[in-house]
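> below: sequence and its predicted model.
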Amino acid sequence: MSNLKETGKLLYGYADKDGNLHYDFELCLLTIRGKMNTLNILLSEYPNLDELPETERFTIERAVTLSETLRVGGQKLTVDEILNLASEEFTILLDAEMNLRKKRSEPTQ
């Protein structure tokens, strides 16, 4: 697996448990193992996911995926920490994820 990553900066930052703000993030592609982990989390922690409105379901699914692929200030974030980021941060992270996928699918020269 390539170590292709997407990096960027959060707008408002993530405050760790000590109150330190971190802005730099790194995203990697979801691995098969990561996908299995996300499915296990979704099944165990969100058993009624299919009953939620589509936008809420999408947000939870993306947050769970980001919990496997995202590092902020070198730290892995939990699903709850991701869901507690400002909504603008979520948009930045989804855009970065799409850029990473695009890079990965482009032929190398």
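Arrived safely. What you see is a predicted model, and the numbers here were worked out from it, not measured in a lab. Residues are numbered from 1 along each chain as shown.

> show me the residue at the heart of the chain, geometrically.
Closest residue to the average C-alpha location of the chain: residue 66 at 1.8 Å, with C-alpha atoms, centre = their mean.

> quick check: closest non-adjacent residue to that one.
On the basis of C-beta to C-beta, 6 or more residues apart in numbering, the spatially nearest residue to residue 66 that is not a chain neighbour turns out to be residue 82, at 5.2 Å. C-beta here means a position set from N, CA and C on the backbone, and glycine is covered the same way.

> before we move on, what SS does the residue nearest to the centre of the chain have?
When the structure is split into helix, strand and coil by DSSP: H, G, I helix; E, B strand; the rest coil, residue 66 lands in helix.

> how about the spatially closest residue to residue 21 that is not a sequence neighbour, phi and psi?
Spatially, and ignoring its direct neighbours in sequence, residue 21 is nearest to residue 13 (3.9 Å; C-beta to C-beta, 6+ apart). Summarising the backbone geometry of residue 13 under the convention degrees, to the nearest 10, its torsions are phi 90, psi 170.

> ok, now how distant is residue 13 from residue 4?
Here the distance between residue 13 and residue 4 works out to 25 Å (C-beta to C-beta, to the nearest Å).

> the more surrounded of those two?
More neighbours sit around residue 13 than around the other of residue 13 and residue 4, counting by other C-beta atoms under 10 Å; the figures are 18 against 12.

> ok, the more buried one - contacts?
Contact partners of residue 13, counting by C-beta atoms under 8 Å, 6 or more residues apart in numbering, are 21, 22, 23.

> counting contacts, what elements does the longest helix seen in the chain pack onto?
Residue-count comparison of every helix in the chain, with assignments taken from DSSP state H, identifies helix 87-105 as the longest. Using 3 or more C-beta pairs under 8 Å, 6 or more residues apart in numbering; DSSP states H and E as the contact test, the elements touching helix 87-105 are strand 5-15, strand 21-28, helix 54-69.

> so which of these is nearest residue 99?
Taking C-beta to C-beta, strand 5-15 is the member of the helices and strands packed on helix 87-105 nearest to residue 99, at 5.5 Å.
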